[in-house]
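*Asks:* I'll drop the sequence and a predicted model, then ask my questions.
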Amino acid sequence: ITIGEAGGKIARAAQNAGLENTVAVASTSEAAELLAEKASAGDLVLVKGSRSARTERVLEEFATRQRTEGIAS
């Protein structure tokens, strides 16, 4: 999952290199939502980003979604 305009370029390059399950999104919220849909218990997820891109928001929103879904189920 890549974020933003630069992320779109990275996603296209990854797809061209054979990483078929690569998606570009516009925002950290979209990335967190997609991660919540795709990740399963026991998965190892590497999040690489920069503070200027606010990539930590993906983890914050993902964690919030997991807590909310855990309480709702």
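*Replies:* Yep, it's here.

*Asks:* what stretches of the protein score poorly on pLDDT?
*Replies:* Low-confidence regions of the chain, defined here as pLDDT under 70, cover residues 70-73.

*Asks:* Strands along that one, start to end?
*Replies:* Secondary structure of the chain by DSSP state E: the strands cover 2-3, 24-25.

*Asks:* remind me, longest helix of the protein?
*Replies:* Longest helix of the chain, by residue count under DSSP state H: helix 56-72.

*Asks:* Just the buried residues of that one, please?
*Replies:* For helix 56-72, the buried set under the neighbour-count rule, 16 or more other C-beta atoms under 10 Å, comprises 57-59, 61-62. All C-beta atoms are positioned from the backbone trio N, CA, C, and that covers glycine.

*Asks:* what helices or strands is that helix leaning on?
*Replies:* Contact analysis of helix 56-72 by 3 or more C-beta pairs under 8 Å, 6 or more residues apart in numbering; DSSP states H and E lists helix 28-38 as its packing neighbours.

*Asks:* If you count neighbours, what's buried in the helix it packs on?
*Replies:* Of the residues in helix 28-38, those with enough neighbours to count as buried (16+ other C-beta under 10 Å) are 28, 30-33, 35-36.

*Asks:* can I have stretch 20-29 written out in PDB, keeping just the CAs?
*Replies:* What follows is the C-alpha trace of stretch 20-29 in PDB, where atoms were taken according to Å, rounded to 0.1, in the frame of the first residue of the first chain:
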ATOM      1  CA  GLU A  20       0.800  -7.800  -8.100                       C
ATOM      2  CA  ASN A  21      -0.900  -7.000  -4.800                       C
ATOM      3  CA  THR A  22       0.200  -3.400  -4.700                       C
ATOM      4  CA  VAL A  23      -2.300  -0.500  -4.300                       C
ATOM      5  CA  ALA A  24      -1.800   3.200  -4.300                       C
ATOM      6  CA  VAL A  25      -4.200   5.300  -2.200                       C
ATOM      7  CA  ALA A  26      -4.500   9.100  -1.700                       C
ATOM      8  CA  SER A  27      -4.400   9.300   2.100                       C
ATOM      9  CA  THR A  28      -3.300   7.700   5.400                       C
ATOM     10  CA  SER A  29      -6.900   7.000   6.200                       C
END
